[in-house]
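Chemist: Okay, predicted coordinates and the sequence, questions at the end:
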Amino acid sequence: MTEIAECWEEDVADGKVTDFRKSVKAEAGEKIVFSWMVWPDKATADTATRR
């Protein structure tokens with residue numbers, strides 16, 4: 001793996017028409033977290049995530 005990013009909800013304003021919270025149907029009190037990993041190539045990613 002060459003990079004990992006983890007993003008936690010902070011200072012994300014509610015939108016008037018749509019926003020990130022609405023896009024994931026978050027309920028009151030829920031926090032939004034998302035992350036991704038960057039792999040050097042597909043073969044490495046497949047090996048690392050194989051179950």
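Modeler: Sure, I can see it.
Chemist: What residues of the lowest-mean-pLDDT helix or strand in the chain count as buried?
Modeler: Ranked by mean pLDDT, DSSP states H and E, the helix or strand of the chain with the weakest confidence is helix 20-23, at a mean of 84. If you call a residue buried by 16 or more other Cβ atoms under 10 Å, then helix 20-23 has these buried ones: R21. Placement of C-beta: from N, CA and C, glycine included.
Chemist: And the helices in the protein, which stretches?
Modeler: Here the chain has its helices, by DSSP state H, at 20-23, 42-49.
Chemist: Does the spatially most central residue of the chain have any beta-bridge partners, and if so which?
Modeler: With distances taken as Cα atoms, centre = their mean, F34 lies nearest the centre of the chain, 2.0 Å away. With DSSP bridges applied, F34 shows beta-bridge pairing to C7.
Chemist: Could you check how far it is from K16?
Modeler: Applying Cβ to Cβ, to the nearest Å, the value for F34 to K16 is 23 Å.
Chemist: returning to what we had before: turn the helices of the chain into JSON lines, columns for distance to D11.
Modeler: Below are the helices of the chain laid out as JSON lines (distance: least, Cβ to Cβ, whole Å):
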{"stretch": "helix 20-23", "distance to D11": "12"}
{"stretch": "helix 42-49", "distance to D11": "31"}
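Chemist: Any idea which of those helices gets closest to C7?
Modeler: Closest to C7 of the helices of the chain, according to Cβ to Cβ: helix 20-23, at 10.1 Å.
Chemist: just how off-centre is the closest one within its chain?
Modeler: 12 Å (Cα atoms, centre = their mean, to the nearest Å).
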